[in-house]
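Novice: Generate a structure from the sequence data that follows.
(4 chains)
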Number of protein chains: 4
Amino acid sequence: MNVAVVGATGYGSAELIRILERHPHVTLTQLVSSSQPGEHLGNIFPHLSHLSFELDEIDLDALAEAADAVFFAAPAGVSSRLLPPLAERGLICIDLAGDFRLSGDTYQEWYGASPPPEPWLSQAAYGLSEWFPSSIRKADVIANPGCYPTAALMALAPLVQEGVLDEGTVIVDGKSGFSGAGRGVKQTSLFCEVNENAYPYKVGQHRHTPEMEQVASTLGNRKQSVLFTPQIVPMSRGILVTLYGRAGDGWSTSRLRELAEETYRDSYFVRVRGEGRWPRTKEVQGSNFCDISYEWDERTHTVIGIAAIDNLVKGAAGQAVQNLNLRMGWPETAGLEMPPQYP
Amino acid sequence: MNVAVVGATGYGSAELIRILERHPHVTLTQLVSSSQPGEHLGNIFPHLSHLSFELDEIDLDALAEAADAVFFAAPAGVSSRLLPPLAERGLICIDLAGDFRLSGDTYQEWYGASPPPEPWLSQAAYGLSEWFPSSIRKADVIANPGCYPTAALMALAPLVQEGVLDEGTVIVDGKSGFSGAGRGVKQTSLFCEVNENAYPYKVGQHRHTPEMEQVASTLGNRKQSVLFTPQIVPMSRGILVTLYGRAGDGWSTSRLRELAEETYRDSYFVRVRGEGRWPRTKEVQGSNFCDISYEWDERTHTVIGIAAIDNLVKGAAGQAVQNLNLRMGWPETAGLEMPPQYP
Amino acid sequence: MNVAVVGATGYGSAELIRILERHPHVTLTQLVSSSQPGEHLGNIFPHLSHLSFELDEIDLDALAEAADAVFFAAPAGVSSRLLPPLAERGLICIDLAGDFRLSGDTYQEWYGASPPPEPWLSQAAYGLSEWFPSSIRKADVIANPGCYPTAALMALAPLVQEGVLDEGTVIVDGKSGFSGAGRGVKQTSLFCEVNENAYPYKVGQHRHTPEMEQVASTLGNRKQSVLFTPQIVPMSRGILVTLYGRAGDGWSTSRLRELAEETYRDSYFVRVRGEGRWPRTKEVQGSNFCDISYEWDERTHTVIGIAAIDNLVKGAAGQAVQNLNLRMGWPETAGLEMPPQYP
Amino acid sequence: MNVAVVGATGYGSAELIRILERHPHVTLTQLVSSSQPGEHLGNIFPHLSHLSFELDEIDLDALAEAADAVFFAAPAGVSSRLLPPLAERGLICIDLAGDFRLSGDTYQEWYGASPPPEPWLSQAAYGLSEWFPSSIRKADVIANPGCYPTAALMALAPLVQEGVLDEGTVIVDGKSGFSGAGRGVKQTSLFCEVNENAYPYKVGQHRHTPEMEQVASTLGNRKQSVLFTPQIVPMSRGILVTLYGRAGDGWSTSRLRELAEETYRDSYFVRVRGEGRWPRTKEVQGSNFCDISYEWDERTHTVIGIAAIDNLVKGAAGQAVQNLNLRMGWPETAGLEMPPQYP
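Specialist: Now for the predicted structure:
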């Protein structure tokens, strides 16, 4: 199958290329960039200079000719414009940006922009692979989840589906490596500003908040609010999410672990950690794994859920490929069997 | 004034020496080490090889001869044994370990060991400098707070004193640089295990939990439970604490900031950050500052408090010296005026 | 083909497992550890807990039964003892330690121990894949090069083979990430000791020195001394080597680059960088690539050669697999096609 | 004494402010910025938000009114223009840029711009404090050395002064933390590009080369060429320099150390390391120390000199203040007694 990537100059794209180049069922045929068309990939990403790609200008017909599926790894707003005409031409479209993740109203509220046009928005499947496989298998537009929501929901979903948590008590405390901020150039992104630093940003205002709420509400069959605090920690890759929710009597760490093991029994990419052994971002680095564990705090009747992913793999490019695998009926792990890179 | 340090081979001691060497009212006369007596300081800490100290064996009489005040920077349990005889000999004793921070019962419960003997335990002042200055000024035994409790309580104390938070809803999510783990040698402390890694540890079980609860309960005049999750992030110094607590109607980010500014109006070492400008650990690095800010999340009726300190300075050695300053009636900032080191 | 790894608890082993697990022609059948036999691999390396290996005690007959080839990733001295009996049993033996790299006399001099027994030492091929493919193809004992020598020789070999450099003028300045130090537990290996630190060690005394000299002398057909300075820089992976050598008239940066391009024209894993674009360790991270470039300094008549590798891949596990590929007549890149992981 | 800083928004300035704020004989009266005049210092550098400075536009008369000495921490070229009129007004001028370091011809050749006007260029003293104290004491214009030249020359100067090294054999291999690149915004300066990366840049072309040559030639009384390779390693602060030079018979590591100890006997800021204990950048971090050591490699008749400094302190702001101290006849260590910050 021929695939293309639109928005080829960011870290997410580099990761898509890393994965797609070795995928057994896929040939990467086109890399599209509006910012640097005509440039050699090796000049954008010297680590990929052994590949001979040249970036192309966007040309919908050429792209539809060259590819059967397209990944959008462009900034918010681009896929709203470019995805519909390509979906119309029959391409499978997987969007790594936020455009197709939310209901139109919620998108308008949190992004301050018009949502993408119908019928595409409604047709889009939310690509949290382990939770919505049947809609993903049928969809031609797949909205790949955000990095924080992926980590948060992998730990939160079993709890809300089971109705474990008291309404309105969910807090998600996220810590992310800096690659999540992308390759854009700002003073606050300089090495010396980030190195040896830990800090929160967009407290209570991050756009991944409504994404978590929407999916948690869907799975729990009732409105679920989420308070979300994103934080930067000084590393390149990895998201660690610690979530908190109040629960009634009768829980224990082992019961929570059983729930997780039961839920993810057939999910290759989810590793439920044993008691007293919590996820670490380095243990999933470079892989599509999501490691999770739970702890019951009897003193405060709180469930603590912990999840670790590589934000560029399970949090972006890896899950996007996992979704293509689902959509195409290939083994879910095709092209994604790389173990974590350690140390 | 002559001062000594007991337990001279850890990171906290290095920091004490860095500060005491430049303190205008203090002469450092003795460094005591049970593990490496007779060793030159420069062999333990080559960065201090311009100083000509030699480590001494513990000898209570010699120590009482050499010093009028003593800092204990030794592992838990050491000060329980060595502090009482030195306090008896009239020395001002400042303990950086946990021995004298908790009530006897709580100590027994969380440390699994007998608490230090009376009357010393009862006489010990809790050395959170900004909150207990009057008892510190009179005390001959000062229990310097833990690093996490310092950061957490600096943000939590104004809230509980004012009764802002609903009972039993306080969650403290802490992120720490690795120097908090000390200089002990373990596989999990190797560079390659910590670098590019973020992970929780001792979830719900960390000994700093009862310390936060005890102080919050005292200041709030009612039992206050705290759920505390410590986490490692890949940097040497710094603690970032994000705390969450439910509150009733009528709050706002600006009202919370006013409360903080009011509370800390005369506290040189507390910098209340403006709206939308949250604390960053790098902005306090190497200094005794504690930067804090609050956010009100109207959607979930939650107060978010954020505090950043250098775990080795305000979280350990710096606050210990601040307490000596208080005790001696010196300016609170004596020897502690160093600005943060950036970047 | 069934393969085994002896010495399964170090970083080199983790990397071998990462690569061998995905190798198209290989099944990993046994992991041997003398330090932790019976342990689950996932307890040694939680990032590999999705694999179900258990570490085995060393048992030569069982190993010979289970595997046709064996990688030794154990500390110096182990393969001297264990490799001969396995080679005798007909296994292809690839040693990642230094035991079989040097002539007996040189080994004795630099390692202060008896060299491994004959005929095995003499039969061992030096596994610098690009330079000794014909002897590797025939060898049953392959001495995989050290990490520094790999990087240094990839840049040095074209120069000495061509007789570019003046005798006795070669200086190799090496910078290494910390994983080269292994997973052993020492105070100097703690995160806080290595983070934000750069320093030399074993100046003029590192055991990789005679290895560089021996190979350079062989390729240049005359005795070639090398002065080598190893240095630690604060990262997990990667070696950057900067080498210097005097040369006569008539050289230029472009002539040097042509020489490199000519030499490595058929070497997939060597990427010669263009003028003004020097190798960076991050651009080879996680891959088997060696990026190199040269600069001619007309002012001092000096050739500057620069090479970057991932010390655990091309500098250890990756090249070991490349050598197995050569030995077996498989494509040189089998199992090694993973692009660098960036960022 | 009142002092001002011109160019107040870079890392060098932050460091100047850190030091000057605590200097016993100095009052910092003005911070000048052409890029952000009118801005509060705390908005440029939140870590300094406890200070109440506001940045001023450049106004020569106002500056001459406000200050008796001025530090230039602006980009190359600025002091050429602004320093002469201020020197004319009688201010002591200390320039941290490269404008006044080189002879006019050499400046023109390496900077591709006209050198600053006479008589100021000729009157400028080269501010390598330990080596040119008498000219610094008399100068009204002091050209503070570059960061690499400071480290390199502190190790090189004793050798060339004594005539130890063979002509034309000096190689300086420098490794720097990233703060040396300044706070300017470029894609290659992003955290994710620098983290976990080591690489050379401007090989054989760096402007610090002629600075090293000029000073080495002066001290050795003969033309001394230097080959210099700068390299980035992933840390914020610190420069490690490894230099190589050939020498005749009769040297040894201990003789070299004696030479160094003799040379620097009265230099508080130079710490000569013992045999087998080489300098580490972290051991000077935050301080004005320069740690050095030498090694004699008998096999290749090469002297290896190693020096470590904090590039922002001894390599910039600290040495600038040291020079002011010399110029004013204050103790050389005034305001500079801070020990290294470790870890």
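
Novice: Check the secondary structure at residue A:118 for me.
Specialist: Taking DSSP: H, G, I helix; E, B strand; the rest coil as the rule, one finds residue A:118 in the coil state.

Novice: can you check residue A:188 too?
Specialist: Per three-state DSSP, residue A:188 ends up helix.

Novice: roughly how far apart are it and residue D:195?
Specialist: As judged by Cβ to Cβ, to the nearest Å, residue A:188 and residue D:195 stand 15 Å apart. Using the backbone N, CA and C atoms, a C-beta is placed for each residue, glycine as well.

Novice: Likewise for residue A:319?
Specialist: 24 Å.

Novice: of all the residues in the stretch 201-343 of chain A, which ones are close to chain C?
Specialist: With the criterion set to Cβ under 8 Å from any Cβ of the partner chain, the stretch 201-343 of chain A comes near chain C through A:236-237, A:268, A:271, A:273, A:277, A:280, A:282-287, A:289, A:337-343.

Novice: Backbone dihedrals for residue A:321, both of them.
Specialist: Phi and psi for residue A:321, reported as degrees, to the nearest 10, are phi -70, psi -40.

Novice: Would you confirm that it contacts residue A:337?
Specialist: No: Residue A:321 is beyond contact range of residue A:337, at 11.3 Å (criterion: Cβ atoms under 8 Å).

Novice: If you count surrounding residues, which of those two has more?
Specialist: When residue A:321 and residue A:337 are compared for neighbours, residue A:321 comes out ahead with 28 against 14, by other Cβ atoms under 10 Å in any protein chain shown.

Novice: That one: what's it in contact with?
Specialist: A:16, A:19, A:20, A:23, A:334, A:335, A:336 (Cβ atoms under 8 Å, 6 or more residues apart in numbering or on different chains).

Novice: Could you do residue A:141 as well?
Specialist: By Cβ under 8 Å, 6+ apart, the contact list for residue A:141 reads A:83, A:87, A:93, A:95, A:100, A:120, A:123, A:124, A:125.

Novice: quick one: pLDDT of residue A:275?
Specialist: As predicted, residue A:275 sits at a pLDDT of 79.

Novice: what about it, distance to chain C?
Specialist: Plainly put, residue A:275 is 14 Å away from chain C if you go by Cβ to the nearest Cβ, to the nearest Å.

Novice: Which strand or helix spans that residue?
Specialist: For residue A:275, there is no host helix or strand (DSSP states H and E).

Novice: quick one: it and residue A:253 touch, right?
Specialist: Yes: between residue A:275 and residue A:253 there is a contact under Cβ under 8 Å: 5.8 Å.

Novice: Show me which of those two is the more surrounded one.
Specialist: The neighbour count for residue A:275 versus residue A:253, taken as other Cβ under 10 Å, is higher for residue A:253 (19 against 12).

Novice: picking that back up, and the contacts of residue A:321, which two are furthest apart?
Specialist: Using Cβ to Cβ, the pair of the contacts of residue A:321 lying farthest apart is A:16 and A:334, separated by 14.5 Å.

Novice: and those two? which has more neighbours close in?
Specialist: Set residue A:16 next to residue A:334 and count neighbours by other Cβ under 10 Å: residue A:16 wins out with 27 against 16.

Novice: Please report how far the more buried one lies from chain C.
Specialist: Residue A:16 sits 11 Å away from chain C, taking Cβ to the nearest Cβ as the criterion.

Novice: Show me the domain layout of chain A.
Specialist: Chain A breaks down by automatic domain parsing into domains covering A:2-123, A:147-311.

Novice: end-to-end on the shortest one?
Specialist: Just to be clear, that refers to domain A:2-123. End-to-end distance for domain A:2-123, by Cα to Cα, to the nearest Å: 23 Å.

Novice: Centre of the chain to it, how far?
Specialist: Put simply, domain A:2-123 sits 15 Å off its chain's centre (Cα atoms, centre = their mean, to the nearest Å).

Novice: contacting residues for the closest residue to chain D within the stretch 1-150 of chain A?
Specialist: Minimum separation of the stretch 1-150 of chain A from chain D (Cβ to the nearest Cβ) falls at residue A:11, amounting to 6.9 Å. The contact partners of residue A:11, taken as Cβ under 8 Å, 6+ apart, are A:179, A:182, A:183, A:312, C:342, C:343, D:192.

Novice: Which members of those residues are positioned in helices?
Specialist: Among the contacts of residue A:11, DSSP state H puts residue D:192 in helices.

Novice: Please enumerate the helices of chain A.
Specialist: A:11-20, A:41-44, A:60-66, A:78-88, A:104-111, A:120-123, A:133-138, A:147-161, A:191-194, A:208-220, A:253-263, A:318-328.

Novice: I'd like these laid out as a markdown table, including mean pLDDT.
Specialist: Below are those laid out as a markdown table (pLDDT from 0 to 100):
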| stretch | mean pLDDT |
| --- | --- |
| helix A:11-20 | 98 |
| helix A:41-44 | 96 |
| helix A:60-66 | 97 |
| helix A:78-88 | 97 |
| helix A:104-111 | 96 |
| helix A:120-123 | 97 |
| helix A:133-138 | 98 |
| helix A:147-161 | 98 |
| helix A:191-194 | 98 |
| helix A:208-220 | 98 |
| helix A:253-263 | 98 |
| helix A:318-328 | 98 |
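
Novice: Redo those helices as a markdown table? Include distance to residue D:219.
Specialist: Below are the helices of chain A laid out as a markdown table (distance: least, Cβ to Cβ, whole Å):
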| stretch | distance to residue D:219 |
| --- | --- |
| helix A:11-20 | 48 |
| helix A:41-44 | 44 |
| helix A:60-66 | 65 |
| helix A:78-88 | 60 |
| helix A:104-111 | 64 |
| helix A:120-123 | 73 |
| helix A:133-138 | 72 |
| helix A:147-161 | 56 |
| helix A:191-194 | 33 |
| helix A:208-220 | 60 |
| helix A:253-263 | 69 |
| helix A:318-328 | 58 |
